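**Student:** Next come a sequence and a model predicted from it.
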Amino acid sequence: MGPLNGVTVPEAAVAEVRDFILSLIEPISAVEAVPLAAARGRVLAEPLTAPFDVPAHTNAAMDGYALRATDLDPTAPTTLPLFGTIYAGHPHPTPLPPRAVLRIMTGAPIPEGADTVVAQELCHAEGSYVTIPPGQTAGQNIRPAGEDLKAGSLVLPAGRRLTAADLGLASSLGYPFLTAYRPLRVALLSTGDEVIAPGKPRREGQIYDSNRAVLTALLTHLGCTVLDLGAVGDDPTYLLAHLNQVAPHVDAILTSGGVSVGDADTTRTALASLPAFYFWHLAIKPGRPFAFGRMGNAWFFGLPGNPVAVVVSFIALVRDAIRKLQGETPLTPPRTYLVRLAQPLRRKPGRLEYLRVTLDPNDPEGAAYPLPTQGSGVLSSLSRADGFLLIPPDATILAAGDRFPFLPLDGLL
Ligand code: AMP
Ligand code: MG
């Protein structure tokens, strides 16, 4: 059963909430042509097929001599006349005559009649004759047409987030542009009477906003266009009016703070009575309160206030929702690998913990050292961390040497 509209679900498992959110979200439909130079990280909207074989012609894998393997004496050096030279980009106009060789450069098309290339450093050229040592293998040093890609084959599926290698492939197939989903427009808003933007003078009791800086970076890293709505105070009426105003212009809205059930939990108060709004107390550490809903055409994500909780909630829930909205498929999870905990640890059960750790670079197996300060507001330990050790909810007594999935922060933050 799904969560109830407007009612906080206690101790919700992160994986279930993630699946619920993903079950509601559909990718945007708008696509655009993107030049290759701007396409890294964009999501491909149409499958890419090879219009021709790559390589298009059978060619030499090294500089050397193209010849017929049957012309060689298998047990003694063979001397053959040099018939000409083939350069890359210049197919030879005539076939290789019997009992002759053609000098050939790497990448040059293999001439008709030749079936083998012998590396030039193995051969001895003198005047217009070349001596080839015995021991050559028919077909060696030749890259067959279509070895990389066959004409008509699927090269990149729709939904693929494009990498540098993908762009090289597209270029090798002659595509100067790719069809990608348009970038998502995401609005960002911080809440809280105490939160002010950096650059302003800070009064007693005020804090500078960290969440917008972190979330802007996380979203732009995913290729989103961020609309910065600034920070608003704890006034639910104003907040709701503000969100309603921006919703028609964006695909998603992310807020931080005010989603718990305290007195000043503005975001929750503003949104709880709307249709299609859901609230959870996630079984996650750091993090806990989380809201999700729909405002017109925009998806709404209400993150907690504490900065590390913001990052963890983003990684655990929002990231995949954004990816799905962007058209990415499949939503492969970030890679984790098992790493030993370097020291014992006791903890309360019940929540999936994203433990900030550093890895010992001198240990080939990379033992994980928990950073001493794990508070949900302590950003410095996240900045110092190499990644998270993911401790399952039921684990209470952890021994040194116990292995847990390690989630590296490279590529995520
Ligand atoms: P809240 O959920 O609104 O009660 O916020 C939880 C904690 O996070 C409080 O200590 C807030 O001051 C802090 N917080 C909220 N928003 C931000 C922000 N944008 N940057 C840094 N800290 C914040
Ligand atoms: Mg607040």
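**Tutor:** Arrived safely. Ligands and ions are numbered 1, 2, ... in the order given.

**Student:** quick one: pLDDT of whatever residue of the stretch 201-350 of the chain ends up closest to ligand 2?
**Tutor:** Here the stretch 201-350 of the chain gets closest to ligand 2 at one residue, Gly257, 3.8 Å apart by Cβ to the ion. For every residue, glycine as well, the C-beta is placed using N, CA and C. The model reports Gly257 with a pLDDT of 96.

**Student:** How about it, nearest residue that isn't a chain neighbour?
**Tutor:** Nearest non-adjacent residue to Gly257, counting by Cβ to Cβ, 6 or more residues apart in numbering: Gly305, 3.4 Å away.

**Student:** Now do the same contact list for the residue nearest to Pro157 when sequence neighbours are not counted.
**Tutor:** Nearest non-adjacent residue to Pro157, counting by Cβ to Cβ, 6+ apart: Pro47, 5.4 Å away. Counting by Cβ atoms under 8 Å, 6 or more residues apart in numbering, Pro47 makes contact with 154, 156-158.

**Student:** At the contact with ligand 1, which residues of this structure appear?
**Tutor:** Contact residues, the chain versus ligand 1 (Cβ under 6 Å from any ligand atom): 190, 192, 194-195, 207, 209-211, 256-258, 260, 262, 304-307, 377.

**Student:** Just the closest residue of this structure to ligand 1, please.
**Tutor:** Distances between the chain and ligand 1 by Cβ to the nearest ligand atom are smallest at Gly305, namely 2.1 Å.

**Student:** Got the phi and psi for that residue?
**Tutor:** As for Gly305, its main-chain torsions (degrees, to the nearest 10) stand at phi -90, psi -40.

**Student:** Spit out the contact partners of the residue nearest to Gly257.
**Tutor:** 191-192, 211, 256-260.

**Student:** Which among the residues of the chain next to ligand 1 count as buried?
**Tutor:** 190, 192, 194-195, 209-211, 256-258, 260, 304-307 (16 or more other Cβ atoms under 10 Å).

**Student:** Of those residues, which belong to helices?
**Tutor:** Judged by DSSP state H, helices contain the following of these: 211, 307.

**Student:** Flag the least confident of the buried ones among the residues of the chain next to ligand 1.
**Tutor:** The member of those with the lowest pLDDT is Ser260, at 88.

**Student:** From what I see, that one and Gly302 are in contact.
**Tutor:** No - using Cβ atoms under 8 Å, Ser260 makes no contact with Gly302, being 9.9 Å away.
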